[in-house]
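Asks: here is the input, now give the coordinates:
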Amino acid sequence: MKPLTRKAASAVILAALMAGGALAQAGALLPPVRHSGPVEYLSGGIGADESAAIQTASKQWPLTLEFAIKDRQRADFAADVKVRIRDARGNEVLQATSEGPFLLARLAPGSYAVEATLAGQAQHRQVNVKAGQSSRQMFLWEDTDKSKP
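Replies: Predicted coordinates for the structure are as follows:
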């Protein structure tokens, strides 16, 4: 293997610095990490920059929940979703209200029951969190606003 030339080494260093800067910038756009008991979580995603930062960060979190409302033509992000997560024994490990269309939770490996409620309509999912992997669940509600064309 040939040693790197100065120019090539400089290019590698510059690329690493730019990648680190992009990660730092994404971190600055993330909403604050909160706690529900021992579980860390963050929620948000209102606005393109915060949404992109959360989607990038989601790869580092064991569970990502995404919330949307589907009307006739498309799906719109949902916020103010009430979330409850219970472990395999039925113990509540997280209770929160999402501040945007994404909620990331740092859960220990195991099986969980997730309940997400929007405007009184609850949906349930069973999720398995595996060590070193990221799990994603989408919750989609039908738009019940009959006044829309």
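Asks: going by C-alpha atoms from here, please, whenever you check contacts or count neighbours.
Replies: Fine.
Asks: helices and strands of the chain: which one has the lowest mean pLDDT?
Replies: Lowest on mean pLDDT, DSSP states H and E among the helices and strands of the chain sits helix 6-29, with a mean of 43.
Asks: specify the next element, helix or strand, located C-terminal of that one.
Replies: strand 34-36 (DSSP states H and E).
Asks: return the list of strands paired to that following strand, each annotated with direction.
Replies: With DSSP bridges as the test, strand 34-36 is paired with strand 39-44 (antiparallel).
Asks: now for the next helix or strand after the partner strand, which elements pack on it?
Replies: Next in sequence after strand 39-44, counting helices and strands by DSSP H and E, comes helix 48-57. Applying 3 or more CA pairs under 8 Å, 6 or more residues apart in numbering; DSSP states H and E, we find helix 48-57 packed against helix 6-29, strand 39-44.
Asks: just the C-alphas of helix 48-57, formatted as PDB.
Replies: The C-alpha trace of helix 48-57 is given here as PDB (Å, rounded to 0.1, in the frame of the first residue of the first chain):
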ATOM      1  CA  ALA A  48     -37.100  20.800   7.600                       C
ATOM      2  CA  ASP A  49     -33.800  21.400   9.500                       C
ATOM      3  CA  GLU A  50     -34.900  19.800  12.700                       C
ATOM      4  CA  SER A  51     -36.700  17.000  10.900                       C
ATOM      5  CA  ALA A  52     -33.500  16.200   8.900                       C
ATOM      6  CA  ALA A  53     -31.400  16.300  12.000                       C
ATOM      7  CA  ILE A  54     -33.700  13.900  13.900                       C
ATOM      8  CA  GLN A  55     -33.800  11.500  10.900                       C
ATOM      9  CA  THR A  56     -29.900  11.500  10.800                       C
ATOM     10  CA  ALA A  57     -29.700  11.000  14.600                       C
END
